[in-house]
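1. Please find the sequence and the predicted model below.
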Amino acid sequence: MAAPATWLKDMYEDVDASRGPDVLARFAPEIELQFGARPAVTGVEEARRTLMAVHENFLSVSHRFVNVWEQGDTTICEFVATYLLASGERVPLPTLTILRREGDRIASMRVYMDEGPLRPHL
C-alpha cells in the first residue's frame, strides 16, 4: 500500500481524535455526503448532523488504512473502522470511502459500510 497523502492522514487523525470542527473545516460548503444506507445530504450542516448521528452511539472510532488509490481529484480509501462501544467491545468493520476534492476541500464523500453488525449494540 502506498502511504496515504498527508491531507488524508491528517483528516482521519482528526476523525479518530473526535475533532469534529477540524473535520468539518475540510469540507466544501456544498459537500455531498452519503454514509452507508443513510440518506444522502448536501452542505456542511447536514453533513455534521449525519456524522453526529453515525457516531453518537459509540465512544470512539479508529481507522486503519488497508489501501489507498488516488487519481486526479478522487481518492478511494479501504479501511478497517473499529468502533469502541460503551460495553468496552470493539467492533471492526470493513469500509470503503470515495472522496472527491475541489482544491483543498472535500466536495463529495461516499462511505460504503454495513452498519448491520453494530445494530444489536445500539
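-> Ah, there it is. This is a predicted model, so every value here is computed, not measured.
2. ok, and the helix or strand in the chain with the lowest average confidence?
-> The weakest-scoring helix or strand in the chain, judged by mean pLDDT, DSSP states H and E, is helix 44-55 (a mean of 93).
3. And it, what's buried?
-> Within helix 44-55, the residues that count as buried by 16 or more other Cβ atoms under 10 Å are 44, 47, 48, 50, 51, 54. C-beta coordinates here come from the backbone N, C-alpha and C atoms, glycine included.
4. Please name the nearest non-neighbouring residue to the first one.
-> Leaving aside its sequence neighbours, residue 44 sits nearest to residue 27 (Cβ to Cβ, 6 or more residues apart in numbering; 5.2 Å).
5. for the one you found, what are its contacts?
-> 44, 47, 105, 106, 109 (Cβ atoms under 8 Å, 6 or more residues apart in numbering).
6. same check, this time on residue 91
-> 82, 83, 85, 117, 118, 121.
7. Make a markdown table from the residues you listed and add neighbour count to it.
-> As requested, those are exported to a markdown table (neighbours: other Cβ atoms under 10 Å):
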| residue | neighbour count |
| --- | --- |
| 82 | 16 |
| 83 | 21 |
| 85 | 15 |
| 117 | 12 |
| 118 | 16 |
| 121 | 13 |
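8. Need phi/psi at the most far-flung residue of the chain relative to its centre.
-> Most distant residue from the mean C-alpha position of the chain: residue 87, 22.7 Å away (Cα atoms, centre = their mean). Main-chain torsions, residue 87, degrees, to the nearest 10: phi -70, psi -10.
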